[in-house]
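S.K.: Take this sequence and fold it.
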Amino acid sequence: MSIEGKVALVTGGSGGLGRVHCLSLAAAGCKVAVAAHGHLEKAEAVVKEIETTGKKALAVKMDVADLAEVQAGIKQVEAKLGPVDILVNNAASGIVRAVTLPRMDKADWDRDLAVNLTGPFNTIKCCLPGMLERGWGRIINISSIAGTMGGAGQCSYAATKAGLIGLTKTAALEGARKGVTANAIVLGVFDGGSFYEVAPEFRERIIKRLAMRRTGTPQELSNVVVFLASEESSYLTGEAIEVSGGASLFTF
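M.R.: Sure, this is the predicted structure:
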C-alpha cells in the first residue's frame with residue numbers, strides 16, 4: 001500500500017506506538033508531522049529516523065487538550081509539509097491510573113477527558129474542514145478494549161475510549177459523501193509503553209486472558225494504521241476495528 005505524498009499528522013508520535021506509526025506511514029510514502037506534548041527532543045529523534053530514509057518529517061509541539069495550540073501546530077504543519085490528509089489520534093492519558101470510581105480524583109478525570117476525548121475533537125475540528133474541501137481524508141482514532149469491555153480501576157480511560165468510538169462514527173457520517181473516512185482502532189495489549197508499568201503478575205494474567213496468549217507487536221498495530229490511511233481502505237468507515245489477539249473471545 002502506498003500513500004505517496006500524503007501528509008500525516010500523528011499525535012503522541014514521539015515514542016512508543018506513536019513512533020512506529022510515524023515510521024510506518026513514512027515508509028508508505030507519507031510526509032509525517034510528529035506531534036508531541038512538552039519537550040520535542042523525542043519527536044525530533046523520530047524526525048531524524050524518518051529523514052534518514054529520504055522522507056520528509058516535522059516535529060510539532062502540540063498539547064491536544066489546548067485548541068489554540070492544536071490550531072497553531074496544524075498551521076505549522078501546513079506551512080512546512082502541506083495540508084493534513086491523514087490524522088492519527090494516538091495521544092492518550094490515564095491508561096495505568098488504577099483507581100476505583102469512588103477514589104478517582106476529579107482533576108485526573110478532567111485531564112484524561114481533556115487529552116483522550118477533547119484532544120481528538122480538537123484535532124478533527126481543525127483538520128476535517130480541509131479534508132472535506134479537498135475531497136479526501138483519513139481520520140484514525142486509537143481507542144481501546146477498555147472502551148468496549150470496561151476496566152476495573154480505569155473509569156476515566158474506559159469512558160473516554162468509549163466516547164472516542166462515538167466521535168469516530170459521527171465524523172464518519174459527516175465525511176462519508178466527501179471522500180473522508182473515519183475509523184477507530186480498538187487497541188488490545190501491545191509490547192512496550194504503559195503495559196510494562198503494570199506489575200509482572202498482572203501482566204501474566206492479562207496475557208493468559210488473550211486467545212493468542214501473547215501481546216501484539218507495535219508493527220502489527222501500525223500495519224492496520226497504514227491500511228486505514230490508504231486508498232485501499234476507501235469503502236471502510238465508521239468502524240471500531242479490534243486489534244487485540246482475540247481479547248474479546250471466550251477463552252479457557
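S.K.: for stretch 7-21, the distance to its chain's centre please.
M.R.: Distance, stretch centre to chain centre, for stretch 7-21: 8 Å (Cα atoms, centre = their mean, to the nearest Å).
S.K.: For the chain, just list every one of the strands.
M.R.: 7-10, 31-36, 57-61, 86-89, 137-144, 180-187, 240-243 (DSSP state E).
S.K.: Strand partners (parallel or antiparallel) of the third one?
M.R.: Pairing partners of strand 57-61, with direction, according to DSSP bridges: strand 31-36 (parallel).
S.K.: cool, the first one as well?
M.R.: Here strand 7-10 is paired, per DSSP bridges, with strand 31-36 (parallel), strand 86-89 (parallel).
S.K.: Tell me which of the strands of the chain lies nearest to Ala172.
M.R.: strand 180-187 (4.1 Å; Cβ to Cβ). Every C-beta, even on glycine, is put in place using the N, C-alpha and C of the backbone.
S.K.: I'd like the average pLDDT over stretch 189-209.
M.R.: Averaged across stretch 189-209, pLDDT comes to 81.
S.K.: buried residues in it?
M.R.: Val189, Phe190, Asp191, Phe195, Val198 (16 or more other Cβ atoms under 10 Å).
S.K.: surely the second one meets Gln219?
M.R.: In this case it means Phe190. No. With contact defined as Cβ atoms under 8 Å, Phe190 and Gln219 do not form a contacting pair (9.8 Å).
S.K.: that older thread, looking at the buried residues of stretch 189-209, spot the one nearest Ile3.
M.R.: Phe190 (22.6 Å).
S.K.: now the closest one, which residues is it bridged with?
M.R.: Bridge pairing for Phe190 - DSSP bridges - gives Gly216.
S.K.: For it, which residues are in contact?
M.R.: Leu17, Thr215, Gly216, Thr217, Pro218, Glu220, Leu221 (Cβ atoms under 8 Å, 6 or more residues apart in numbering).
S.K.: what's the nearest residue to the first one if we skip its chain neighbours?
M.R.: On the basis of Cβ to Cβ, 6 or more residues apart in numbering, the spatially nearest residue to Leu17 that is not a chain neighbour turns out to be Pro218, at 5.2 Å.
S.K.: likewise the fourth one?
M.R.: Distances taken as Cβ to Cβ, 6+ apart place Asp191 nearest to Thr217, at 5.7 Å, with adjacent residues excluded.
S.K.: how much space between that neighbour and Trp109?
M.R.: 29 Å (Cβ to Cβ, to the nearest Å).
S.K.: coming back round to it: output the strands paired with strand 7-10 as JSON lines; include the columns distance to Val64, mean neighbour count and mean pLDDT.
M.R.: Shown next, in JSON lines, are these (distance: least, Cβ to Cβ, whole Å; neighbours: other Cβ atoms under 10 Å; pLDDT from 0 to 100):
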{"stretch": "strand 31-36", "distance to Val64": "8", "mean neighbour count": "30", "mean pLDDT": "98"}
{"stretch": "strand 86-89", "distance to Val64": "8", "mean neighbour count": "29", "mean pLDDT": "98"}
